[in-house]
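*Asks:* Give me a model of this one.
(one chain, ligands or ions: 2)
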Amino acid sequence: MNDCLFCKIIAGEIPSDRVYEDDQVVVFRDINPMADVHLLMVPRAHVAGLNDLDETHDALMAHMLRTLPKLAAAQGLTDGFRTIINTGKGGGQVIFHLHIHLLGGKQLPGFG
Ligand code: AMP
Ligand code: ZN
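*Replies:* Ligands and ions are numbered 1, 2, ... in the order given. Sure thing, here's the model as predicted:
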């Protein structure tokens, strides 16, 4: 956990462009944005990914999901937004601290 980049961002040891925080989550801009708006929402508590969740995380996950539309609205994404959670190496996860990508702006491409 000490080597976790997002734990260091949460602790303020590594700078980030923070747009929201509360007692459970921190939200900052992705350093390599894939859309006009590209935020990362991370829980303050270190959880590696979806595979590591158990019932003790239920309230946290509900809070994260319910906070996303408020963030999107605050970013001016009135027409909708996309959320992505990459899980494991095969799922494209690079940072092993659970995070939800929130993307929006210009019309995003569909899948397929
Ligand atoms: P994932 O592939 O789902 O693990 O996504 C990791 C994301 O973290 C990528 O979109 C990166 O651009 C982003 N990222 C990596 N380092 C930083 C950083 N220091 N600050 C903000 N975002 C970062
Ligand atoms: Zn972490």
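*Asks:* which helices and strands does the longest strand anywhere in the chain pack with?
*Replies:* Longest strand in the chain, counting residues (DSSP state E): strand 37-43. Using 3 or more CB pairs under 8 Å, 6 or more residues apart in numbering; DSSP states H and E, the elements in contact with strand 37-43 are helix 5-11, strand 25-29, helix 58-74, strand 100-104. From N, CA and C alone the C-beta is placed, and that goes for glycine too.
*Asks:* what about Ala62, neighbour count?
*Replies:* 10 (other CB atoms under 10 Å).
*Asks:* wait, Arg29
*Replies:* For Arg29, the neighbour count with other CB under 10 Å is 15.
*Asks:* so what's it bridging to?
*Replies:* For Arg29, the beta-bridge partners are Leu39 (DSSP bridges).
*Asks:* Just give the number of residues close to Gly80.
*Replies:* The tally of other residues near Gly80 (other CB under 10 Å) stands at 9.
*Asks:* for His99, that is, sorry about that
*Replies:* There are 25 residues near His99, going by other CB under 10 Å.
*Asks:* Please give me every residue in contact with it.
*Replies:* 6, 40-42, 85 (CB atoms under 8 Å, 6 or more residues apart in numbering).
*Asks:* Try it again at 6 Å.
*Replies:* 40, 42 (CB atoms under 6 Å, 6 or more residues apart in numbering).
*Asks:* Over to His38?
*Replies:* 30, 103.
*Asks:* That one and Asp52: what is the separation?
*Replies:* Remark: distance between His38 and Asp52 (CB to CB, to the nearest Å) = 24 Å.
*Asks:* likewise Ser16?
*Replies:* Where Asp52 is concerned, Ser16 sits at a distance of 23 Å (CB to CB).
*Asks:* cool, His63 as well?
*Replies:* From His63 to Asp52 the distance is 17 Å (CB to CB).
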